[in-house]
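1. Prediction below, plus the sequence it came from.
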Amino acid sequence: MSFRTGVACTAAFALVAGTVLSGSAAMAAKVSLLETGSSLLYPLFNLWVPDYQKNHEVQITTQSTGSGTGIAQAISGIAQIGASDAYMSNPQMKKDKGMLNIPLAISSQMINYNIPGLNKQHLKLSGPVLAGIYSGTVKNWDDPAIAKLNPGVKLPHNQIVPVHRTDGSGDTFIFTQYLSFSTPSWSNSAGYGTTVSWPAVQGGIGANGNPGMVNATKGTPYSIAYIGISFKNATDSANLGEAALENKDGKFVLPDAATVSAAVNQMSAKTPADERISLIFAPGPQSYPIINYEYAIVKEQQPAQTASALKAFLKWGISPTGGNASHYMNAVGFVALPKAIQELSDKQIDKIKPATG
Amino acid sequence: MALLEVDESATYAPLGRVTSNVRCVQQSLEYKFQTMKFRTWLASIAGVLPASLMAVVLFLAVYAWPAIRFNGVRFAFENTWNLGNLYADPITIAGTQIQPGAHYGILFLIVGTLLSTLLALLLAVPVGVGAAMFLAEKVDARLRTWISLFVELLAAIPSVVLGLWGYAVLIPFLAHYLFPLLTHTIGYVIPIFGGPSGSGYGLFTSSFVLAMMIVPLITATVRDALVAQPAPLRESALALGATGFETTYHVLLPNTRKVLIGATFLALGRALGETMAVLMVSGNALNYLPHNIYDPISTMAAFIVSQLDSALQDPTGMAVRTLAEIALILCIISIIVNALARLVLQLWSGYAQRPRLAV
């Protein structure tokens, strides 16, 4: 008798619980979007999402996993938005048809170093010197190549520790593009990509994500690393030095709104309709050499319920009154999209359609 | 028909037992069929386990086959991991499509895995055996359960937690204090302890974290073996005038040699497959071998994790298949090591009944 009562009680409880839960689920049926990828774009998404969710019925989850993961998960459909600093390659576009590379903002990259005593100065570095550091031909900080660019600076005789990204990284992509475009020997050996075969430098460290790069440089004296501009707060609190880079015109510039905008103005006219273009090593005396579009890699065919929410979010993101407003851009050190690029992105977002069948 | 005879020496319960024996002889066909059906069912359910092991290895082999063919034997002897130019068009070499410049060689992974596991064993075995000796001999039987609990709880810490502890606590400590101290003291005598003391990420840190994970395994197994040694053996050694340490170290421990070897193999198997903790503290070396004990390394398991998303960027798929080839190699090594460990430990149960005095 007691067993039967027990079973009956459990069944009744399950029924009640099920109705309550399903009822609440039906009431709270929100569209859910997943954004994953670039750690450079991650701080911006973290500013966007809470503000956007206040006024819109949508649940957006953000993750910082690296541009390579962003692209892979957008292609496989796990993530609706794959954040990436790198556009997809031609073979990839051929293999995975129906992918959109939509610029959301313009970012840049810093070269940071940790030299005891010299972190307050801005050392001058160039593409060929950096290529030498990352391939092991420039071994110590007082190497003649570095000394030539920095006359009068007392450089220490310590071995340079180059730090690079181990994950598939858009930062690696834009950094190695700078090295490739400025140094023919690097272009012929390691080349560029979200992942490259880094030349073996004794003592070189691999780190995961932009935060990992900051940590590794902070903890390792005489190290040098490439870190996205959205992590300037972190590098400033860690008291890391920032290098002035040589641009195509031979001038040494630091990344700020003026130098990045100068570079954008030179390159944006050449942007094609599918918006896959490199902005690296732009001409112009004021141009900062390492800038890039921050892409949202999105599949054209989306499930019916997410298509409209996704389009609304992306359109808000590129709008000058929405995601591209100056307070967002200044908080992470990005620059807003020029009007012409915003229109191109808008046209690409219109291509997102609910999947038929 | 021998079952009809009653065994005079056995102590039967009258009638009941004999009746069942008689019944047994009259084995009906239906009874045989039932037993066989039961056995088949049980065998097929139990067989799912070895079948899934074979399925995993077979799947990996089939998936990695194009990479095995492309990479050849030089795969294990070269130090180049190069995905090629991912932004150029694929080319075809000997029937396989790859990106131009793609070339795979994992010598640094093999060396990294072997060195870190060996060093971890070197650190863990003395500590583990010492702890086992202490627990078996010097601790009261009642207290032993409780103190052993603490040792075994070390094994309960998830490896990623140990990795995070290593990343946050161990690495700064080693980089700022221990490594410079070692380079200035032993470093002048033994070359591998010398040289630049590095950033804390490296071979020694990975081995230390691995050692922390395998010590409980060794301690528990050796402690059980020591406790199971026959008391007369202990007593005769003591009676002959041996000290406590001499009894344990020269008399009891040699008896547990097979168990020690088995436990070491088991620990080796565990350390080989350890991924997350090593990934966080090893420094992720690419295409070079460590020159000293502080240099960054890379192990096979950690490499697969850190490179998977990069490999997915390769539109020809060769990079992912090469990672599967690494996984296959790791799988086979791990299976062999664990099988050896189990075999050696099985033999122990026969050994304990025939103790020998190693005097």
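-> It's in. Note that the structure is predicted; figures quoted are calculated from it, not measured.

2. and the helix or strand encompassing residue B:333, what's its mean pLDDT?
-> Assessed by DSSP states H and E, residue B:333 sits inside helix B:318-351. For helix B:318-351, the mean pLDDT works out to 86.

3. Over to stretch B:41-48?
-> pLDDT averaged over stretch B:41-48 gives 92.

4. Kindly export it (C-alpha atoms) in PDB.
-> Presented in PDB, the C-alpha positions along stretch B:41-48 are these (Å, rounded to 0.1, in the frame of the first residue of the first chain):
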ATOM      1  CA  TRP B  41      23.000 -11.500 -23.400                       C
ATOM      2  CA  LEU B  42      25.400 -10.900 -20.600                       C
ATOM      3  CA  ALA B  43      28.400 -11.300 -22.900                       C
ATOM      4  CA  SER B  44      27.000  -8.800 -25.500                       C
ATOM      5  CA  ILE B  45      26.300  -6.200 -22.800                       C
ATOM      6  CA  ALA B  46      29.700  -6.700 -21.200                       C
ATOM      7  CA  GLY B  47      31.300  -6.800 -24.600                       C
ATOM      8  CA  VAL B  48      30.200  -3.200 -25.300                       C
END
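
5. What lies in contact with it?
-> Applying CB atoms under 8 Å, 6 or more residues apart in numbering or on different chains, stretch B:41-48 turns out to have no external contacts. (Each C-beta comes from the backbone N, C-alpha and C, glycine too.)

6. How many residues are close by the nearest residue to residue A:261 once chain neighbours are set aside?
-> Counting by CB to CB, 6 or more residues apart in numbering or on different chains, residue A:335 is the residue found nearest to residue A:261 once chain neighbours are left out, at 5.7 Å. Here the number of neighbours of residue A:335 (other CB atoms under 10 Å in any protein chain shown) works out to 24.

7. Distance check, residue A:335 against residue A:275.
-> 16 Å (CB to CB, to the nearest Å).

8. follow-up on the earlier one: so the helix holding residue B:333, near chain A or not?
-> No. Residues of helix B:318-351 contacting chain A under CB under 8 Å from any CB of the partner chain: none, with a closest distance of 8.8 Å.

9. If we ignore the residues flanking it in sequence, what's nearest residue 183?
-> This is for chain A. residue A:131 (4.1 Å).

10. ah, I was thinking of chain B
-> Nearest one to residue B:183, counting by CB to CB, 6+ apart, is residue B:197 at 4.7 Å.

11. Is chain B within reach of the lengthiest strand in chain A?
-> Determined from DSSP state E, the single longest strand within chain A is strand A:99-114. No. Strand A:99-114 lies out of reach of chain B by CB under 8 Å from any CB, never closer than 10.6 Å.

12. Distance from the lengthiest helix in chain B to the middle of the chain?
-> Scanning chain B for the longest helix, with DSSP state H as the assignment, gives helix B:29-71. Relative to the centre of its chain, helix B:29-71 is centred 24 Å away, using CA atoms, centre = their mean, to the nearest Å.

13. Following it in sequence, what is the next regular element?
-> By DSSP H and E, the next helix or strand past helix B:29-71 is strand B:81-82.

14. Give me the residue ranges of the stretch 1-150 of chain A where confidence is low.
-> A:1-2, A:9-10, A:14, A:16-29 (pLDDT under 70).

15. Those residues of it touching chain B, which are they?
-> Close to chain B, as judged by CB under 8 Å from any CB, the stretch 1-150 of chain A has residues A:65-66, A:68-69, A:71-72, A:89-92, A:94-96.

16. switch to 6 Å and redo it
-> A:68-69, A:72, A:89, A:91-92, A:95 (CB under 6 Å from any CB of the partner chain).

17. and residue 112, how many neighbours?
-> In the absence of a named chain, chain A is used. 26.

18. actually chain B
-> Neighbours of residue B:112 using other CB under 10 Å come to 28.
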